[in-house]
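K.L.:
just coords:
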């Protein structure tokens, strides 16, 4: 009829639940004790910290570590145009991006308007802008 191994399994399960219930009720919920060793943390002064090492550890080395290569290349090109525009503005001239030289100009556009972002600021590094180009 009923196999003897089946009866043995039922008896073991009943025994397990009885012991488990007894342990929960009468064990007073005592934790296993453990030992805590307190070690003071050494105070570090600013002169002992290698900030360059930390900076390299927690910053990206290249734009392409996080962003698409096309976005990074476009940012570099845009920054070159913006920097050249700034250099030309020092001479009271305008940067001609098609010729790549400073030329006389009669417009009053700023470099931020020509080569910067939409809200008249210099181009933003894609790493700081969620890999989105802010310029046209």
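P.N.:
In hand now; what should we look at? Source: prediction; values computed, not measured.
K.L.:
okay, CA-based contacts and neighbour counts for the rest of this
P.N.:
Fine.
K.L.:
Could you list the low-pLDDT ranges of this protein?
P.N.:
When the per-residue scores of the chain are filtered using pLDDT under 70, the ranges that remain are 1-2, 28-33, 41-61, 136.
K.L.:
all strands for the chain, in order.
P.N.:
Listed from the start of the chain, the chain has strands (DSSP state E) covering 94-96, 101-103.
K.L.:
closest to residue 114 out of these?
P.N.:
Taking C-alpha to C-alpha, strand 94-96 is the member of the strands of the chain nearest to residue 114, at 9.7 Å.
K.L.:
can you list the strands of the chain in a markdown table and add mean neighbour count and distance to residue 72?
P.N.:
A markdown table is the format used below for the strands of the chain (neighbours: other C-alpha atoms under 10 Å; distance: least, C-alpha to C-alpha, whole Å):
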| stretch | mean neighbour count | distance to residue 72 |
| --- | --- | --- |
| strand 94-96 | 21 | 22 |
| strand 101-103 | 15 | 24 |
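K.L.:
can you list these in a markdown table and add distance to residue 81?
P.N.:
A markdown table is the format used below for the strands of the chain (distance: least, C-alpha to C-alpha, whole Å):
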| stretch | distance to residue 81 |
| --- | --- |
| strand 94-96 | 8 |
| strand 101-103 | 10 |
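K.L.:
Relative to residue 135, which of those is closest?
P.N.:
Distances from residue 135 to each of those were compared using C-alpha to C-alpha; the minimum, 17.1 Å, belongs to strand 94-96.
K.L.:
That closest one pairs with which strands, parallel or anti?
P.N.:
Strands that pair with strand 94-96, judged by DSSP bridges, come out as strand 101-103 (antiparallel).
K.L.:
ok so, going back, out of the strands of the chain, which gets nearest to residue 128?
P.N.:
Distance to residue 128, taken as C-alpha to C-alpha, is lowest for strand 94-96 among the strands of the chain, at 26.6 Å.
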